[in-house]
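Colleague: quick one: sequence plus predicted model below, questions after.
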Amino acid sequence: MSAGAITQPRTDPFDLPGRRTRSERIWRLVRRRPVDAIGAVFVLATVFTAIFADLIAPFGYAEQEFASRLMAPSAAHWFGTDSLGRDVLSRIIYGARTSMVASTLATVVSGVIGGFLGVTSGFIGGKYDLIVQRICDSFHTIPLLLMAMILIVAFGGSLLNVALALGLVGSMRVDRVIRGSTLAVANTPYLEAAISLGASTNRLMWRHILPNVMAGLIVTLSIQFGGYIIAEAGLSFLGLGVPPPFPSWGGMLSNDGRAHFLRAPWLAIAPGVVISLVVLATNLVGDAMRDILDPRQRGA
């Protein structure tokens with residue numbers, strides 16, 4: 001090699017600029033989407049509060065102190081007290097558990113039922129697809145809250161029944177999204193190759209189609225999660241949710257919030273603000289997941 005030759009530095013293929021660690025990718029997303037990151041932190045904080053409500057809440061959700069009835073917010077009771085002397089902050093913290101459990105169960109139920117119906121009806125087709133879609137259309141003609149009310153009145157009001165009712169009605173909306181994704185995947189070359197190799201129908205649906213529509217399923221469920229929170233609060237507001245004395249944000253708005261709004265407005269303002277913030281945070285997370293997981297949004 002001549003003295004004037006220029007030597008090129010050796011490049012490590014595993015140390016390329018485009019190859020980032022997981023923590024670097026997360027931090028890059030946080031910098032690009034700070035508002036969505038704040039929403040994700042708020043959602044995680046709400047979940048943490050719901051799980052450890054017994055340790056976080058300063059008082060029990062049913063602990064009464066009649067000498068402190070309708071007390072304004074103070075150092076002892078940050079959000080004041082209700083008509084029975086119960087700490088509003090503690091009841092909001094325990095209400096987070098009610099809301100998160102109901103919304104999570106409803107999301108799981110709608111994901112399982114809606115995903116199953118969407119994949120099977122989109123792949124099998126024929127009369128089965130026709131019957132399933134007409135049933136889903138009939139559910140679409142009735143608003144979510146009204147259909148959930150009908151089911152809860154029929155089976156009784158409880159946390160489990162609220163979650164099942166919301167999940168069953170919401171699954172019909174999930175079915176339409178997953179069915180469309182299944183129809184798009186069913187015509188891809190790799191699925192035709194699997195069919196030519198003799199793959200069974202079950203293998204085609206659950207090993208080839210389902211993983212490829214999972215991103216759309218996750219995005220749909222994340223967006224619906226905030227709707228389930230509002231629906232659960234609405235049912236509790238109408239007296240069809242979790243029975244007392246268990247706290248729920250909608251029940252707090254309905255009972256003391258309406259009865260003592262002029263005298264103690266914090267009884268309605270506190271749970272109302274919490275519901276708005278949690279739903280806003282979940283919608284931000286859902287929009288972020290849609291932009292990240294949807295292949296059509298990745299280029300933007």
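Modeller: Good, I have the coordinates.
Colleague: by average pLDDT, which secondary structure element in the protein comes out worst?
Modeller: Least confident helix or strand of the chain, by mean pLDDT, DSSP states H and E, is helix 295-298 with a mean of 51.
Colleague: shaky segments in the stretch 151-300 of the chain?
Modeller: Confidence mapping of the stretch 151-300 of the chain against pLDDT under 70 gives the ranges 294-300.
Colleague: so which residues of it form helices?
Modeller: Taking DSSP state H, counting those that start in this stretch as the test, the helices found in the stretch 151-300 of the chain are 159-185, 189-196, 201-203, 210-237, 249-252, 258-259, 266-293, 295-298.
Colleague: for V35, find the nearest of those helices.
Modeller: helix 266-293 (6.3 Å; C-beta to C-beta). All C-beta atoms are positioned from the backbone trio N, CA, C, and that covers glycine.
Colleague: for the residue nearest the centre of the chain, which residues are in contact?
Modeller: Centroid-nearest residue in the chain, with C-alpha atoms, centre = their mean: F225, separated by 2.5 Å. Under the criterion of C-beta atoms under 8 Å, 6 or more residues apart in numbering, the contact partners of F225 comprise 103-104, 107, 282, 286.
Colleague: distance to G180 and neighbour count added to these, as TSV?
Modeller: Putting those into TSV (distance: C-beta to C-beta, whole Å; neighbours: other C-beta atoms under 10 Å) gives the following:
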residue	distance to G180	neighbour count
S103	25	26
T104	25	16
T107	20	22
T282	24	25
G286	18	23
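Colleague: what is the burial count for the closest residue to L151 other than its chain neighbours?
Modeller: Using C-beta to C-beta, 6 or more residues apart in numbering and skipping the chain neighbours, the partner closest in space to L151 is A165 (3.9 Å). Other residues lying near A165 total 29 when counted by other C-beta atoms under 10 Å.
Colleague: do the same with the one 4 residues further on
Modeller: Summarising burial for V169: neighbours were counted as other C-beta under 10 Å, giving 25.
Colleague: contacting residues around it?
Modeller: Taking C-beta under 8 Å, 6+ apart as the criterion, V169 is in contact with 139, 144, 147-148, 151.
Colleague: from those, pick the one nearest V35.
Modeller: Checking those one by one against V35 (C-beta to C-beta), the nearest turns out to be L144, at 27.1 Å.
Colleague: for S110, see how far away the closest one is.
Modeller: The spacing between L144 and S110, counted by C-beta to C-beta, to the nearest Å, is 11 Å.
Colleague: how near is the residue nearest to the centre of the chain to L105?
Modeller: Counting by C-beta to C-beta, the gap between F225 and L105 amounts to 11 Å.
Colleague: for the helix ranked longest in the chain, which positions count as buried?
Modeller: The single longest helix within the chain, with elements called by DSSP state H, is helix 88-124. Using 16 or more other C-beta atoms under 10 Å as the test for burial, helix 88-124 gives 88-107, 109-111, 113-123.
Colleague: name the SS class of the nearest residue to G234 once chain neighbours are set aside, please.
Modeller: Beyond its immediate neighbours in the sequence, the residue positioned closest to G234 (C-beta to C-beta, 6+ apart) is L145, lying 5.4 Å away. Put simply, L145 is helix when judged by DSSP: H, G, I helix; E, B strand; the rest coil.
Colleague: quick one: contacts for L145?
Modeller: Residues near L145 by C-beta under 8 Å, 6+ apart: 231, 234-235.
Colleague: I229 now?
Modeller: So, once contact is read as C-beta under 8 Å, 6+ apart, I229 ends up touching 99, 103, 275, 278-279, 282.
Colleague: against L191, how distant is it?
Modeller: Plainly put, I229 is 37 Å away from L191 if you go by C-beta to C-beta.
Colleague: one more: L293?
Modeller: Computed as C-beta to C-beta, the L293 to L191 distance reads 21 Å.
Colleague: next one: F123 relative to I275, how far apart?
Modeller: Using C-beta to C-beta, F123 is found at 39 Å from I275.
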